[in-house]
Structure formats: C-alpha cells, structure tokens
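Asker: this one's structure only:
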C-alpha cells in the first residue's frame, strides 16, 4: 500500500519551513534521502512553487544505494532538488543514467575533531541549551 507524500510535505511546510522563513526572512535547506522520500520531495516542490516560496528553499535529495535507480522519474527529481551522493561509485552509476550529482564528502576531516582551546564540554552544552 502506497503512502501519500502530501501529509509530510504539508507538515514540513506548515510547521518547519514557513515559520523559519517568516521569522528569519532567510532561506532554508531541506535534505531527503533515498527513493522512499521522492514523493514527499516532489510534493513539497509543488507546494512551495504554488505558495511562491520555492526560491527560498534549497532542496537536496541524496542517493545512498543503487537499487531501483532505473525506475525513478529523474526529470522530476532533478527539477525539484539537487541530486547528491557520498559515493564516488554511485556518482559514476548516476552519470550513466544522465544524472550529474554533487558528490558530498562523507565524514569529517581530522582537523574538525581537534579540541578548541579554552572550550569545555559544559560550554558547548550550555550553548545548545540556550538555543532551545
């Protein structure tokens, strides 16, 4: 039984994207992954276009495995979102289908894991707590 993507897209728009866009006058980024999210991505794209807000949301759709790639509506997907992958081998597979994904490096570089002088874990927890 197929599940309608409309409830998820409507919820994201109403509860997450609209308040953020309205309160910040900025843009938002939305990332979805794998074939099960295609319907929601396409529906959200349609709803954002209808609401004249599409230019305020950057949408990316990540491919993490090769299964079923030949059955997807790539014309609609590439119109709705940037296609990304973390896998160089999937990048080549997608190119065989005429899709040119953005390859996003997986993981963090070693320098991102260095300790920040004078900063404790309590400082970080306090900052995140202040964001709530």
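Answerer: Looks like it came in fine. On a predicted model such as this, the values are computed, not experimentally measured, just so you know. Numbering: from 1, shown residues only.
Asker: switch to C-alpha atoms for all contacts and neighbour counts from now on
Answerer: Noted.
Asker: low pLDDT regions in this protein?
Answerer: Within the chain, the ranges that satisfy pLDDT under 70 run 1-6, 130-132.
Asker: All the helices of it, in order from the start?
Answerer: 6-11, 18-24, 38-50, 74-80, 88-96, 121-130 (DSSP state H).
Asker: Counting neighbours, which bits of the fifth one end up buried?
Answerer: Put plainly, it is helix 88-96. In terms of neighbour count (16 or more other C-alpha atoms under 10 Å), helix 88-96 has its buried residues at 90-91, 94.
Asker: Just give me the closest of those to residue 70.
Answerer: Residue 70 lies nearest to residue 94 out of the buried residues of helix 88-96, by C-alpha to C-alpha, at 9.4 Å.
Asker: give me phi/psi at the closest residue to the closest one other than its chain neighbours?
Answerer: With sequence-adjacent residues excluded and distances taken as C-alpha to C-alpha, 6 or more residues apart in numbering, residue 94 is closest to residue 100, at 6.7 Å. Dihedral angles of residue 100 (phi, psi; degrees, to the nearest 10) stand at phi -120, psi 90.
Asker: ok, residue 42 - contacts?
Answerer: Going by C-alpha atoms under 8 Å, 6 or more residues apart in numbering, residue 42 touches 76-77, 80.
Asker: swap the cut-off to 10 Å and go again
Answerer: 5-6, 9, 48, 76-81 (C-alpha atoms under 10 Å, 6 or more residues apart in numbering).
Asker: before we move on, what about residue 89?
Answerer: 65-66, 95 are the contacts of residue 89 under C-alpha under 10 Å, 6+ apart.
Asker: Any idea how many residues pack against residue 104?
Answerer: 12 (other C-alpha atoms under 10 Å).
Asker: Wait, it touches residue 64, no?
Answerer: No: with contact defined as C-alpha atoms under 10 Å, residue 104 and residue 64 do not form a contacting pair (11.1 Å).
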